[in-house]
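J.: coords below, sequence missing:
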Ligand code: 5AD
């Protein structure tokens, strides 16, 4: 697919045929299987000032928290006990968790025979290498937008080129690599979203997470409208059509804008769900955007609901580690 063809998917009157095609391609390449990842948001301290994000350093109204190393490992144990095979450790860019602390956590969680995905932002290549050597398997770093001008406006004191470098470093070090964008950012054009999708292919990612921009009243972008669910869904379908064998999550932002949003995404190219297992008492403080939906306390009931939803669309939950087929090749 070239840029025009992607733009056509993003703009045509009805994208139903593309949703169906993306669903068929996902089922052909990845099977009738959904992978689950347990997400632990272990710190909402962040030194960055991303204009869209509720936990940016300038927001004084967030109650900041850090989980202790013991509590992070405890959460991982819980995830393993209830059947997860992958744990995603996400945080703001929080220097408290230096490389030594992170590596200790990684090593302890690896003893549980879990796959570890890190999503902790921009670090040096040496730091990434240390995580890898300690046993981290995957890394998520969204590029957010490949429009360099827009990137600059949204990310004060950040360097687009460094973010790119981080992605290339992660790739070189052998991480299973995920990236992604927000769809519907202020001043983001259709062309630029098409470029983003081509960029994922170019850097050869194994996972693409994308969701609509959701306006947060605690941020500088408070007066801008939300991105559209539908445009995000079209972007998911186009991504799947371009990259048949990667993993694509039905992201939390998709659920947040539409009640059935997760299920629809899983029928339009997505094949991963990342239930949140951050301890209930602090979870509300990881407030990237308002009304962030998370599977509530992950008890037997809510897991059963998720299972039912997945079964209702003809899928079953994977019982392996869920490594992207693209990565395995
Ligand atoms: N709306 C939607 N997504 C957001 N993120 C951060 N803030 C918002 C927002 N206001 C996304 C970013 C980040 C991921 C963890 O959450 O893409 O990479």
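T.: Thanks, I have the structure now. This is a predicted model, so every value here is computed, not measured.
J.: which other helices and strands contact the longest strand seen in the chain?
T.: Determined from DSSP state E, the single longest strand within the chain is strand 176-183. Counting contacts by 3 or more Cβ pairs under 8 Å, 6 or more residues apart in numbering; DSSP states H and E, strand 176-183 packs against strand 138-140, helix 160-172, helix 190-202, strand 207-212, helix 229-242. (Glycine included, C-beta is placed from N, CA and C.)
J.: list the residues that contact the residue nearest to the spatial centre of the chain.
T.: The centre of the chain sits closest to residue 209, judged by Cα atoms, centre = their mean, with a distance of 4.3 Å. The contact partners of residue 209, by Cβ atoms under 8 Å, 6 or more residues apart in numbering, come to 140, 142, 178, 179, 180, 248, 249, 251.
J.: leaving out the residues flanking it, which one is nearest to it?
T.: residue 180 (3.8 Å; Cβ to Cβ, 6 or more residues apart in numbering).
J.: and residue 183, by the same measure?
T.: Per Cβ to Cβ, 6+ apart, closest to residue 183 is residue 232, 4.2 Å.
J.: tell me which element the residue nearest to residue 256 when sequence neighbours are not counted is part of?
T.: Counting by Cβ to Cβ, 6+ apart, residue 256 lies nearest to residue 293, which is 4.7 Å off, once chain neighbours are set aside. Assigned by DSSP states H and E, residue 293 belongs to no helix or strand.
J.: and residue 293, what are its phi and psi?
T.: phi -90, psi 140 (degrees, to the nearest 10).
J.: surely it and residue 255 touch.
T.: Yes. At 4.2 Å, residue 293 counts as touching residue 255 under the criterion of Cβ atoms under 8 Å.
J.: between the two, which has more neighbouring residues?
T.: Neighbours were counted for residue 293 and for residue 255 using other Cβ atoms under 10 Å; residue 255 has more, 23 against 16.
J.: run a quick neighbour tally on residue 64.
T.: Quick note: residue 64 (other Cβ under 10 Å) scores 15 neighbours.
J.: could you look up the SS state of it?
T.: coil (DSSP: H, G, I helix; E, B strand; the rest coil).
J.: now it: phi and psi?
T.: Torsion angles, degrees, to the nearest 10, at residue 64: phi -80, psi 140.
J.: roughly how far does it sit from residue 216?
T.: Distance, residue 64 to residue 216, by Cβ to Cβ, to the nearest Å: 16 Å.
J.: where in the chain is pLDDT low?
T.: 295-300 (pLDDT under 70).
J.: what is the burial count for residue 4?
T.: 9.
J.: and it, what helix or strand is that in?
T.: Here residue 4 is assigned to helix 3-11, by DSSP H and E.
J.: tell me the helix or strand right after that helix.
T.: Helix 3-11 is succeeded, C-terminally, by helix 16-30 (DSSP H and E).
J.: against which helices or strands is the helix or strand following that next one packed?
T.: Reading on from helix 16-30 to the C-terminus, the next helix or strand found by DSSP H and E is strand 33-36. Packing partners of strand 33-36 (3+ Cβ pairs under 8 Å, 6+ apart): strand 272-273, strand 316-317.
J.: highest mean neighbour count out of those?
T.: Stretch with highest mean neighbour count among the helices and strands packed on strand 33-36: strand 272-273 (a mean of 24; mean count of other Cβ atoms under 10 Å).
J.: show residues contacting that one.
T.: 34-37, 207, 247-250, 262, 266, 306, 310, 322.
J.: can you rerun that using 6 Å?
T.: 35, 36, 247, 249, 250 (Cβ atoms under 6 Å, 6 or more residues apart in numbering).
J.: scan these and report the most crowded one.
T.: residue 249 (28 neighbours).
J.: contacts only, for it.
T.: Here residue 249 is in contact with 209, 272, 274 (Cβ under 6 Å, 6+ apart).
J.: how about 10 Å then?
T.: Counting by Cβ atoms under 10 Å, 6 or more residues apart in numbering, residue 249 touches 34-35, 37, 39, 88, 140, 178, 180, 207-211, 236, 262, 265-266, 270-274.
J.: can you narrow these to ones near the ligand?
T.: Near the ligand, judged by Cβ under 6 Å from any ligand atom, the entries from the contacts of residue 249 are residue 211.
J.: quick check, residue 42 in a helix?
T.: No. Read with three-state DSSP, residue 42 is strand and lies in no helix.
J.: using TSV, please lay out the helices and strands packed on strand 176-183 together with distance to residue 318.
T.: Shown next, in TSV, are the helices and strands packed on strand 176-183 (distance: least, Cβ to Cβ, whole Å):
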stretch	distance to residue 318
strand 138-140	15
helix 160-172	24
helix 190-202	22
strand 207-212	14
helix 229-242	17
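J.: good, we can wrap up now.
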